[in-house]
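In: Show me the folded form of this:
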Amino acid sequence: MQRNMLVILQFIVVSLCLTNYSLAEQDVSKLYLPGDITQVQAEEVIAAAVKKAVSNKLLMNIAVVDAGGNLKAFVRMDGAFLASIDIAIKKAKTARSLNMSTHELSQLTQPGKELYGIEVTNGGMAIFGGGELIKNKDGLIIGAIGVSGGSVAEDMSVAQAGAAVIAK
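Out: Prediction:
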């Protein structure tokens, strides 16, 4: 019984590897939507954000989501807070889902403001700075970046540095 199970598992692994191999040879440009951030762009955003964090001696979690708000790239710098993993991802998703920076959103969510309490919707949102939209050269939103691990001002600075690399 165990031997049969092992053979079946080996078959599944080999099948998955062959499937992935055939996908790697395809023209992937037909597998994503135009106007969405590419993997190369997401990596450029991450690299620019990490460079800014390192220059400021900060340990950050940095998340990039695509135009649909789905996680595209992520890095946790060595020593960055574990709690900041989820916060960085939520900042990126929040910015993209509302088409504004999380800093802008924070101004609208204060007590007495019209979006007060929104942070408890949609499975939780991050309503403080560090989430920025990523726009291409034409101003089209192609994704968002979320950064967490420093002060709000530090998170915003690193997120803005990451987002700016694509708009150039």
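In: For this protein, which segments count as helices?
Out: 2-24, 39-55, 83-98, 102-108, 152-167 (DSSP state H).
In: Correct me if wrong: G146 contacts I89.
Out: Yes. The pair formed by G146 and I89 meets the contact definition of CB atoms under 8 Å, at 6.0 Å. Where C-beta positions appear, they are placed from N, C-alpha and C, glycine not excepted.
In: Would you tell me which of the helices of the chain gets closest to Y32?
Out: Of all the helices of the chain, helix 39-55 sits nearest to Y32, with 9.3 Å by CB to CB.
In: helices or strands next to the closest one in the packing?
Out: Helix 39-55 sits against strand 61-66, strand 71-76, strand 141-148, helix 152-167, with contacts defined as 3 or more CB pairs under 8 Å, 6 or more residues apart in numbering; DSSP states H and E.
In: That one: which residues count as buried?
Out: Q41, A42, E44, V45, I46, A48, A49, V50, K52, A53 (16 or more other CB atoms under 10 Å).
In: okay, the helices and strands packed on helix 39-55 in JSON lines with mean neighbour count and distance to M100 next?
Out: JSON lines is the format used below for the helices and strands packed on helix 39-55 (neighbours: other CB atoms under 10 Å; distance: least, CB to CB, whole Å):
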{"stretch": "strand 61-66", "mean neighbour count": "28", "distance to M100": "14"}
{"stretch": "strand 71-76", "mean neighbour count": "19", "distance to M100": "19"}
{"stretch": "strand 141-148", "mean neighbour count": "29", "distance to M100": "10"}
{"stretch": "helix 152-167", "mean neighbour count": "21", "distance to M100": "13"}
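In: closest to G117 out of those?
Out: Nearest to G117, of all the helices and strands packed on helix 39-55, is helix 152-167, at 19.9 Å by CB to CB.
In: Out of the helices and strands packed on helix 39-55, which is closest to L108?
Out: helix 152-167 (15.7 Å).
In: Quick one: mean pLDDT over that closest one.
Out: Mean pLDDT, computed over helix 152-167, is 97.
In: quick one: contacts for the residue most central in space within the chain?
Out: Nearest to the mean C-alpha position of the chain, by CA atoms, centre = their mean, lies V64 at 2.0 Å. Residues in contact with V64, defined by CB atoms under 8 Å, 6 or more residues apart in numbering, are 37, 42, 45-46, 71-74, 92, 134, 143-146, 162.
In: so what's T94 closest to, chain neighbours aside?
Out: M125 (4.3 Å; CB to CB, 6 or more residues apart in numbering).
In: what's near enough to touch that neighbour?
Out: Shown in contact with M125 (CB under 8 Å, 6+ apart): K90, K93, T94, S97, L98, L105, I118, E119.
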